[in-house]
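J.: Sequence and predicted structure, then a few things I'm wondering about:
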Amino acid sequence: INLISDAGAIPALVELCQGPPMPEGGGKKKKKEPPVEADMAEAQASAAGCLRLLSLLPKNRPPIVAANGVPIMTKLLESKLEITRANAQGVLVCLGADDNNVAAMVEAKVPEYITALSAPIRMYEEHKKKLVP
């Protein structure tokens, strides 16, 4: 695991989880995202699995968050593949164990069933109050 993180692979793994870029809409209404191709779905599942293992070590959590990992993992919770959803949940639970990531998790609207597993609810409630005008 250290070899992967020391090589700087975390941002690339997070980017792989994001999938291909969406085509520009040119001001048109947002349409439902196209389905993920089978090969890309498998790549997302594998990358999320790597990130799940990496997130077990506290030193790897800040780079995952810095690479926009929280909203990307949150989006993967909607994947059709159970393994992808499970890996994304695992990453988010580990990230939530670090108090410094609570604000990012609230902002990304990580479901409460995940945040409740990883940090005291009071912390999330405090950050939610800050976001509501």
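T.: Structure received. Numbers count the residues shown, from 1 in each chain.
J.: my guess is residue 14 contacts residue 68, does it?
T.: Yes - Residue 14 lies in contact with residue 68 (C-beta atoms under 8 Å); the separation is 6.4 Å. The C-beta positions use only the backbone N, C-alpha and C, and glycine is treated the same way.
J.: In terms of neighbours, single out the busier of the two.
T.: Between residue 14 and residue 68, counted using other C-beta atoms under 10 Å, the more crowded position is residue 14 (23 against 16).
J.: what pLDDT does the more buried one get?
T.: Looking at residue 14, its pLDDT is 97.
J.: Now it: closest residue in space, sequence neighbours ignored.
T.: Of all residues not flanking residue 14 in the chain, residue 67 sits nearest, at 4.0 Å (C-beta to C-beta, 6 or more residues apart in numbering).
J.: Phi, psi for the one you found please.
T.: With angles defined as degrees, to the nearest 10, residue 67 shows backbone torsions of phi -90, psi 20.
J.: what about it, neighbour count?
T.: Residues near residue 67, counting by other C-beta under 10 Å: 18.
J.: Equivalent analysis for residue 118, please.
T.: Using other C-beta under 10 Å, residue 118 is surrounded by 19 other residues.
J.: Not counting residues beside it along the chain, what's closest to it?
T.: Per C-beta to C-beta, 6+ apart, closest to residue 118 is residue 96, 2.9 Å.
J.: ok, now which ones touch the one you found?
T.: Residues in contact with residue 96 (C-beta atoms under 8 Å, 6 or more residues apart in numbering) are 102, 105, 110, 114, 115, 117, 118, 119.
J.: Show me which of these is closest to residue 82.
T.: Nearest to residue 82 among the contacts of residue 96 is residue 114, at 15.7 Å by C-beta to C-beta.
J.: what about dumping the CA coordinates of the longest helix along the chain to PDB?
T.: Longest helix in the chain, counting residues (DSSP state H): helix 38-54. Taking C-alpha atoms only, helix 38-54 is exported to PDB below (Å, rounded to 0.1, in the frame of the first residue of the first chain):
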ATOM      1  CA  ALA A  38     -18.800  -2.300 -18.800                       C
ATOM      2  CA  ASP A  39     -15.000  -1.800 -19.000                       C
ATOM      3  CA  MET A  40     -15.200   1.600 -17.300                       C
ATOM      4  CA  ALA A  41     -17.500   0.200 -14.600                       C
ATOM      5  CA  GLU A  42     -14.900  -2.500 -13.900                       C
ATOM      6  CA  ALA A  43     -12.100   0.000 -13.800                       C
ATOM      7  CA  GLN A  44     -14.100   2.200 -11.400                       C
ATOM      8  CA  ALA A  45     -14.700  -0.800  -9.100                       C
ATOM      9  CA  SER A  46     -11.000  -1.700  -9.100                       C
ATOM     10  CA  ALA A  47      -9.900   1.900  -8.500                       C
ATOM     11  CA  ALA A  48     -12.400   2.400  -5.700                       C
ATOM     12  CA  GLY A  49     -11.100  -0.900  -4.200                       C
ATOM     13  CA  CYS A  50      -7.600   0.400  -4.200                       C
ATOM     14  CA  LEU A  51      -8.700   3.600  -2.600                       C
ATOM     15  CA  ARG A  52     -10.600   1.700   0.000                       C
ATOM     16  CA  LEU A  53      -7.400  -0.100   1.000                       C
ATOM     17  CA  LEU A  54      -5.300   3.100   0.800                       C
END
